[in-house]
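Visitor: I need the structure of the sequence given here:
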Amino acid sequence: MNPHEAPDPGRSAAPPLPARAGQSALMSDLRELPRAFWVLFTGTFINRFGTFVMPFLAIYLVREGYTVGQAGLTISAYGTGALLASLIGGHLADTIGRRHTMVVGSWGAAACLIALYYARGLPVIMTVAALNGFANALYSPAASALIADLVPDRLRVRAFAALRFAVNAGFGIGSAAAGFLAKYSFAWLFFGDAFTLLIFGGIALAFLPHGVRHQRGGKGYIPWSIALGHIFRHRAFLTMFASTLLASIVFSQFNTSYGMEVTRRGFDTTYYGSLLALNGLMVILFELPLTSLTLRFAPKRVIALGYAILGTGFALNAIGDSLNVLILSMTLFTIGEMIAMPMQSAYVARIAPREMRGRYSGAMSMAWSFSSMVGPVGGMWLFAHHHDALWITCGAFGLLAAAVMLVFGAKLTLHK
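Guide: Numbering: from 1, shown residues only. Here you go, the predicted structure:
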């Protein structure tokens, strides 16, 4: 595909992605992944183990005397910073390199977390939260682009699932620890999170390659004006973006209103941390093997099914106030997440031209960043006025995301 031209909307955006099934194929594929990928895997696990603050930020702010609405505004400020960083992070990944972008983001986010702990007054807290969101969001486009650089097409679904294994193993174990620590002192959450970000940045700087990069004005460099035009004319990408935007609004409740729902029902932060750990444990145990099944089917059907299930999972929170409902809700949400997310990441990596992988990843990150900006405000507002309406809305958004993907998604197929 010529990177200066948009794809023909009447044909598939990319050839079919090959697939192999079975446990032996899974292990063979994992052994083929390059050493640099496993460095990224290890660093990501350490980083995500220390993701203590965001899942508990709303609870922390409410305990500090702020209202639920003000907590939602703060988390939305975080999303605003992340939205601004999505395109900038993609640009940096394509120019200064994937490695340096991840280092700058990690160390910058560590500094912001310390500042956030000492911040006082809502305007200052919101400003620092926005800066933290900006620094944190620099990571995602660079990491996705680096995987696309390092890993051949046929292994990318496995690679993205493996990286999510690291993310969720770290997040699940870390969330359980954070729920325990939060009972004693929230300071442990802020300083522990910052420490793991510093470690991740050091690992990236010492051991990761730059990946594909182009100097401004040099050979292979494509200006932003051309890259944006290419992205916004790419039908397969735009469909994925719209569908993911809807689903990511549901996801944005995971770290915000879902925690408030748990405490509303009379359970403390230990229960919330354990439910987050359930999500991580399920991904650890089942997501990689599940790719052996999902690789057999058309990407748009797999992604649509996942989005429908995760929306339905959160909708179940409206049927009762028991702990069993919370567990069932999280279980279904996680099944949908495991089905959709590895395929979605590989899909974007495949359709993006090599010279613009960072910017395509950054553009896709905008869907998640935008949802983290508007989702918490809308979710917290609905939660404060009628909590059941929030969860029913999540179900509707998940089904709508699935419908968009099914109706407008590119007709790619996966072969055994």
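Visitor: in terms of pLDDT, where does the spatially most central residue of the chain sit?
Guide: Nearest to the mean C-alpha position of the chain, by CA atoms, centre = their mean, lies residue 368 at 6.8 Å. On pLDDT, residue 368 comes in at 81.
Visitor: in which helix or strand does it reside?
Guide: Using DSSP states H and E, residue 368 maps to helix 357-385.
Visitor: list the buried residues in that helix.
Guide: 357-380, 382-383 (16 or more other CB atoms under 10 Å). All C-beta spots, glycine's among them, are computed from the backbone N, C-alpha and C.
Visitor: just stretch 255-269 next, same as before
Guide: Applying 16+ other CB under 10 Å to stretch 255-269 flags 255-262, 265, 269 as buried.
Visitor: which helix or strand in this structure has the lowest average pLDDT?
Guide: One helix or strand of the chain scores below all others by mean pLDDT, DSSP states H and E: strand 414-415, with a mean of 42.
Visitor: picking up where we left off before, by contact count, what packs against the helix or strand just after the helix holding residue 368?
Guide: Per DSSP H and E, the first helix or strand lying C-terminal to helix 357-385 is helix 387-408. Packing partners of helix 387-408 (3 or more CB pairs under 8 Å, 6 or more residues apart in numbering; DSSP states H and E): helix 235-251, helix 257-264, helix 299-315, helix 357-385.
Visitor: CA atoms only for helix 387-408 - export them in CSV, please.
Guide: Taking C-alpha atoms only, helix 387-408 is exported to CSV below (Å, rounded to 0.1, in the frame of the first residue of the first chain):
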residue,chain,number,x,y,z
HIS,A,387,-26.5,3.9,39.4
ASP,A,388,-28.6,1.2,37.6
ALA,A,389,-28.9,3.5,34.6
LEU,A,390,-25.2,3.6,34.3
TRP,A,391,-24.8,-0.2,34.0
ILE,A,392,-27.7,-0.4,31.5
THR,A,393,-26.0,2.3,29.4
CYS,A,394,-22.8,0.2,29.5
GLY,A,395,-24.7,-2.7,28.1
ALA,A,396,-26.2,-0.6,25.3
PHE,A,397,-22.8,0.8,24.4
GLY,A,398,-21.2,-2.7,24.2
LEU,A,399,-24.0,-3.9,21.9
LEU,A,400,-23.7,-0.8,19.7
ALA,A,401,-20.0,-1.2,19.4
ALA,A,402,-20.5,-4.8,18.3
ALA,A,403,-23.1,-3.7,15.7
VAL,A,404,-20.8,-1.1,14.2
MET,A,405,-18.0,-3.7,13.8
LEU,A,406,-20.3,-6.3,12.3
VAL,A,407,-22.0,-3.9,9.8
PHE,A,408,-19.1,-1.8,8.7
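Visitor: kind regards, and thank you for your time.
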